[in-house]
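**Student:** Coordinates only, no sequence provided:
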């Protein structure tokens, strides 16, 4: 019965998203709702950025379906749902009207606060047997920051056809596998709902993209990616469960940190978008769009394999794995910087 429900969770979100996307594209074409074009944008032509609406609706219908199952989710469903709505509509409204960065950040933090109030806050971390760190009141703040960071990481990654969608699709596949290995049913079901919705979207977003996910889709997927592991953390507070989502999205997270740092030290507004993200830099040294996608996809798969390994390691060994992978990723970034200089000297 579980296998049938797994298939239904995936299929409902996949087909609803797939069916809605052409309808949304036609509506946007008739009413002029297209992504704006500037010197930072890579695409040309009129392309809708409302793909996130199809992802969101596909997920929601499937999510309502899984809520009918008789299992204890361990969190407040209403506050959880409110958090989802805030996350999605913050981005979707921005896709239509444009919201100032500071207000978007406040709304992202508010969505995180809803999740903390729902009972999925980072209240403690187990470093080793008998050694725990309790965050107390700061657990709410940490949860809010945790969620805002992933929402922005996915949004910043969404700068190339098929990139953010493909990476988050692979990441959720591994989250589903980890949920299965850990025996946490709600993580499996949520992941399958999201895999289905993103899979349906990717059919239209793989280059050349016919529609973009926009901020609505990026914020929603970043939010769900940040929240889903917290359910596992509620079941087992080992730091390993906390580190796994960091490992899976190590490249976009480090890219976000490096770009923000460079903007700050150079005196630029850290919220103003530029063309210095890792995918932009790979384009400059000669990679094609599809070439960049498969570099990111394969890297995410490799990191996913490490994430599975980490659940069988001690917390200390998991930390060492994260440090090693971080250093290797920085080495990759350095190699790209050297290649950029060589291209610039030609």
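**Tutor:** Sure thing, it's come through. Predicted model only: the values in this text are computed from it and were never measured.

**Student:** all contacts plus neighbour counts: C-alpha atoms, from now on.
**Tutor:** Fine.

**Student:** chain center to the helix or strand bottoming out on mean pLDDT in the chain, what's the gap?
**Tutor:** Lowest on mean pLDDT, DSSP states H and E among the helices and strands of the chain sits strand 124-128, with a mean of 72. Averaging C-alpha positions (CA atoms, centre = their mean, to the nearest Å) puts strand 124-128 25 Å from its chain's average.

**Student:** Quick one: residues in contact with that strand.
**Tutor:** With contact meaning CA atoms under 8 Å, 6 or more residues apart in numbering, strand 124-128 is reached by 132, 133, 134, 135, 136, 139, 237, 238, 239, 314, 315, 316.

**Student:** in what helix or strand does the spatially most central residue of the chain lie?
**Tutor:** The residue lying closest to the centre of the chain (CA atoms, centre = their mean) is residue 222, at 3.3 Å. Using DSSP states H and E, residue 222 maps to helix 214-235.

**Student:** for that helix, packing partners?
**Tutor:** helix 51-67, helix 77-97, helix 138-157, helix 163-182, helix 185-205, helix 239-248 (3 or more CA pairs under 8 Å, 6 or more residues apart in numbering; DSSP states H and E).

**Student:** go with 6 Å
**Tutor:** Helices and strands touching helix 214-235, by 3 or more CA pairs under 6 Å, 6 or more residues apart in numbering; DSSP states H and E, are helix 77-97, helix 138-157.

**Student:** on that earlier part again, other SSEs contacting the following helix or strand past the least confident helix or strand of the chain?
**Tutor:** Note on strand 124-128: by DSSP H and E, the next helix or strand toward the C-terminus is strand 131-134. Packing contacts for strand 131-134, counted by 3+ CA pairs under 6 Å, 6+ apart, involve strand 124-128.

**Student:** Could you check the strand it packs on and say which residues are buried?
**Tutor:** Buried residues in strand 124-128, counted by 16 or more other CA atoms under 10 Å: 124, 125, 126, 127.

**Student:** and what of stretch 280-292?
**Tutor:** Neighbour-count burial for stretch 280-292 flags 280, 281, 282, 284, 285, 289, 290, 292 (criterion: 16+ other CA under 10 Å).

**Student:** what residues are up against residue 150?
**Tutor:** Residue 150 makes contact with 222, 226 under the criterion CA atoms under 6 Å, 6 or more residues apart in numbering.

**Student:** ok, it to residue 80 distance?
**Tutor:** Distance, residue 150 to residue 80, by CA to CA, to the nearest Å: 17 Å.

**Student:** Repeat that for residue 6.
**Tutor:** Applying CA to CA, the value for residue 6 to residue 80 is 21 Å.

**Student:** Neighbour count: the two, which is higher?
**Tutor:** Between residue 6 and residue 80, residue 80 has the larger neighbour count (other CA atoms under 10 Å), namely 21 against 18.

**Student:** Among the contacts of strand 124-128, which pair sits farthest apart?
**Tutor:** Pairwise distances across the contacts of strand 124-128 (CA to CA) peak at 24.6 Å, for the pair 136 and 314.

**Student:** Between those two, tell me which one has more neighbours.
**Tutor:** The neighbour comparison of residue 136 against residue 314 (other CA under 10 Å) goes to residue 314, with 16 against 11.

**Student:** Which pLDDT value belongs to that one?
**Tutor:** Per-residue pLDDT puts residue 314 at 83.
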